[in-house]
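Engineer: this one's sequence-less:
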């Protein structure tokens with residue numbers, strides 16, 4: 001389990017009592033592309049995660065990890081929609097390798113802030129309710145493609 005631990009206390013080597021004895025633990029978890037997440041977990045502090053990037057022989061602060069991860073997810077979805085055109089959430093999930101539920105959540109945020117619009121459409125063979133087809137706001141509505 002320690003190999004895939006996210007929390008720095010879970011990643012400590014040795015007995016779990018070591019983490020229980022600490023008032024605060026800092027952890028640096030390396031990520032691909034010269035990035036890392038600096039995590040702070042403590043009893044008297046709010047937990048925090050910050051994205052760092054190794055550049056020119058030093059670590060540079062890039063921002064709050066949660067905010068940057070949300071922005072990265074939004075950018076990935078917008079890029080995918082610009083490539084695919086008007087598609088349903090399932091097609092975006094397959095293209096990005098992300099979960100459909102996460103894609104739907106992020107598409108909802110992008111829709112509420114006006115970057116993405118949607119419409120309902122039915123395809124031959126569909127049962128039940130119509131599908132929501134998403135596209136970038138301002139793009140023309142072409143013929144919808146059945147991605148199922």
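Structural biologist: Now that the structure is in, tell me what you want to look at. Here the structure is a predicted model, which is why all the values come from computation and not from measurement.
Engineer: which strand or helix spans the residue nearest the centre of the chain?
Structural biologist: Centroid-nearest residue in the chain, with C-alpha atoms, centre = their mean: residue 73, separated by 4.2 Å. Residue 73 belongs to helix 65-84 when assigned by DSSP states H and E.
Engineer: tell me the buried residues in that helix?
Structural biologist: When burial is assessed from 16 or more other C-beta atoms under 10 Å, helix 65-84 yields the following buried residues: 65, 68, 73-74, 76-77, 80-81, 84. (Each C-beta comes from the backbone N, C-alpha and C, glycine too.)
Engineer: neighbours of the nearest residue to residue 141 once chain neighbours are set aside, how many?
Structural biologist: Spatial nearest neighbour of residue 141, chain neighbours left out: residue 86 (6.2 Å); criterion: C-beta to C-beta, 6 or more residues apart in numbering. Counted with other C-beta atoms under 10 Å, the neighbours of residue 86 add up to 21.
Engineer: just residue 135 next, same as before
Structural biologist: 20.
Engineer: dump the residue contacts of it.
Structural biologist: 81, 85-87, 116-118, 141 (C-beta atoms under 8 Å, 6 or more residues apart in numbering).
Engineer: 7 Å instead, please
Structural biologist: 81, 85-86, 116-117, 141 (C-beta atoms under 7 Å, 6 or more residues apart in numbering).
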